[in-house]
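S.K.: Can you look at this prediction? I've put the sequence above it.
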Amino acid sequence: MSSPALAPPSTRDPRLDVFRGLCLVMIFINHVPGNAYEDWTSRNFGFSDAAEGFVMMSGIAAGLAYSADFREASMRLWTGLGRVWHRVWTLYLVHILTTLAALAAAASVALWLGNAESLFENQMKWLWLDPLRTVIGLVLLSHQFGYVNILPLYLALLAVAPLMLFAAWRWPRRLLAASVLLWLVAGIWRLGPPNWPSSGVWFFNPLAWQVVFVTGLVTGVMLKDGRRLVPVRRWLQVVTGLFLLYAALSAQIPAVSKMTGYTLWLAKETFHLPWNLTAFDKTYVAAPRLLHILALAYFLSSFPIIRRACAHWIAAPFELLGRQALPVFALGSVLCIGLQGIKHVTGENLLADSLLIWGGLALQFALAAARQYWPKPAKIR
């Protein structure tokens, strides 16, 4: 979704990296529960949170980066397949390494701070309850540690992205309709890849979350072609703005939240709606969450001032994080597991929280800067 003044397809849009960087910061803060800063992240001002934003922008990035190879039915299709699946393999390796490092972070807290709680949280307890099956599950992605489980969603969706990209150039509306139908069916019957050896489905269920990714992917394909997915209309800006305002009030004011819950319950009972149209479930991206991220994406993308703000030097640190999203996310995921363990020791302490959160963010900025600006070593031939 772009501003009315469309840039040439080859121009890098600063909004994608800036908002992806902001999402990474908020995800990191939210993944250290109980800290003094989590009340100021986006999840406290609407129905969706930074995870939906991150997946949406991952879809946009995929549409921009890989769509050209799938525009024509030619030999470039094989090149495109190779590029996409090479990235999938990279994501898998990063996920396995991040999972191992997160376990090491929890073990370090237990060893040197004398607190082993983290080793039994975030689905890590299954390593001790059923070690053989859990190790196999970690490799097969059927078992995922909490707070380290968004990359399996991304790589699963990216693995089938070639089909989506091929369809997005030819039948974008049909692709979006099929995506919405799959989201609805997966929610109604609670379908999704199973967890093993534990029960249930993936927390980030790809059968439901694909609707966020596909919307972003089609948006990216349209951007590549110099078009918008949804035209800028004043009435749409007003409607989405009012919805975002109401969602923020509902998240902040108990009376409004109670009214929202009652209204959704009444709609469900009156019209016998499926549960995922009136709930706030994250695993199945229930309708209020989905509508919120779609409204937010449209609203922010429809004002030229947002693009100018993202191009300002003040936004440069977030753009840097967004450009190096994968290593920054991996480091943040490992840090948050260790910081959760440290929080068990420090408790509620503003000074400790500040040191932990700002120190962790400083490490992520340092990594992003190193990746961006350090000279790359020459290849050995």
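M.R.: Sure thing, it's come through.
S.K.: buried ones in the longest helix anywhere in the chain?
M.R.: Using DSSP state H to define each element, the chain has its longest helix at helix 76-113. Residues 77, 80, 84, 87-88, 91-92, 94-95, 98-99, 101-103, 105-107, 109 are the ones in helix 76-113 that count as buried (16 or more other C-beta atoms under 10 Å). In short, each C-beta sits where N, CA and C put it, glycine included.
S.K.: try stretch 112-123
M.R.: For stretch 112-123, the buried set under the neighbour-count rule, 16+ other C-beta under 10 Å, comprises 115, 118, 119, 121, 122, 123.
S.K.: Among the residues you listed, which lie within helices?
M.R.: Per DSSP H, those never map to helices.
S.K.: What is the neighbour count of residue 350?
M.R.: Residues near residue 350, counting by other C-beta atoms under 10 Å, number 10.
S.K.: could I get the buried residues of stretch 112-123 as a markdown table with pLDDT and distance to residue 225?
M.R.: Shown next, in a markdown table, are these (pLDDT from 0 to 100; distance: C-beta to C-beta, whole Å):
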| residue | pLDDT | distance to residue 225 |
| --- | --- | --- |
| 115 | 91 | 54 |
| 118 | 92 | 47 |
| 119 | 94 | 50 |
| 121 | 92 | 46 |
| 122 | 93 | 42 |
| 123 | 93 | 42 |
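S.K.: hmm, which two among those are most spread apart?
M.R.: With C-beta to C-beta as the measure, no two of the buried residues of stretch 112-123 lie farther apart than 115 and 123, at 18.3 Å.
S.K.: Contacts for the helix or strand hosting residue 292 next, please.
M.R.: Assessed by DSSP states H and E, residue 292 sits inside helix 287-301. In this structure, residues lying in contact with helix 287-301 by C-beta atoms under 8 Å, 6 or more residues apart in numbering are 1-3, 15, 19, 46-48, 52-53, 56, 183, 211-212, 215-216, 219, 230, 236-237, 240-241, 243-244, 247, 264, 276-282, 306.
S.K.: Just the buried residues out of those, in ChimeraX syntax.
M.R.: This is how ChimeraX selects the buried members of these, with burial counted by 16+ other C-beta under 10 Å:
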select :1,2,3,15,19,46,47,48,52,53,56,183,211,212,215,216,219,230,240,243,244,247,264,276,277,278,279,280,281,282,306
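S.K.: Now intersect the contacts of helix 287-301 with the helices, please.
M.R.: Applying DSSP H to the contacts of helix 287-301, the entries found in helices are 15, 19, 52-53, 56, 183, 211-212, 215-216, 219, 236-237, 240-241, 243-244, 247, 264, 306.
S.K.: where does the chain have low pLDDT?
M.R.: 1-11, 74-75, 378-381 (pLDDT under 70).
S.K.: From the chain's centroid, how far away is the helix holding residue 292?
M.R.: Mean-position distance between helix 287-301 and its chain equals 14 Å (C-alpha atoms, centre = their mean, to the nearest Å).
S.K.: likewise stretch 315-334?
M.R.: That offset, for stretch 315-334, works out to 13 Å (C-alpha atoms, centre = their mean).
S.K.: my read: residue 144 touches residue 202, true?
M.R.: Yes: with contact defined as C-beta atoms under 8 Å, residue 144 counts as touching residue 202 (6.9 Å).
S.K.: which residues sit in contact with residue 143?
M.R.: Applying C-beta under 8 Å, 6+ apart, the residues contacting residue 143 are 123, 126, 134, 137, 195, 196, 197, 198.
S.K.: Only the buried members of these: can you turn that into a PyMOL selection?
M.R.: Buried residues within the contacts of residue 143, by 16+ other C-beta under 10 Å, are selected in PyMOL with:
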select buried, resi 123+126+134+137+195+196+198
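S.K.: Turn the contacts of residue 143 into TSV, columns for secondary structure and distance to residue 207.
M.R.: Shown next, in TSV, are the contacts of residue 143 (DSSP: H, G, I helix; E, B strand; the rest coil; distance: C-beta to C-beta, whole Å):
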residue	secondary structure	distance to residue 207
123	coil	20
126	helix	23
134	helix	23
137	helix	19
195	coil	14
196	coil	16
197	coil	21
198	coil	18
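S.K.: Out of the contacts of residue 143, flag the one nearest to residue 367.
M.R.: Ranking the contacts of residue 143 by separation from residue 367, with C-beta to C-beta as the measure, puts residue 123 on top at 26.0 Å.
S.K.: Can I get the buried residues of stretch 112-123 in JSON lines including distance to residue 153?
M.R.: As requested, those are arranged in JSON lines below (distance: C-beta to C-beta, whole Å):
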{"residue": "115", "distance to residue 153": "30"}
{"residue": "118", "distance to residue 153": "23"}
{"residue": "119", "distance to residue 153": "24"}
{"residue": "121", "distance to residue 153": "20"}
{"residue": "122", "distance to residue 153": "16"}
{"residue": "123", "distance to residue 153": "15"}
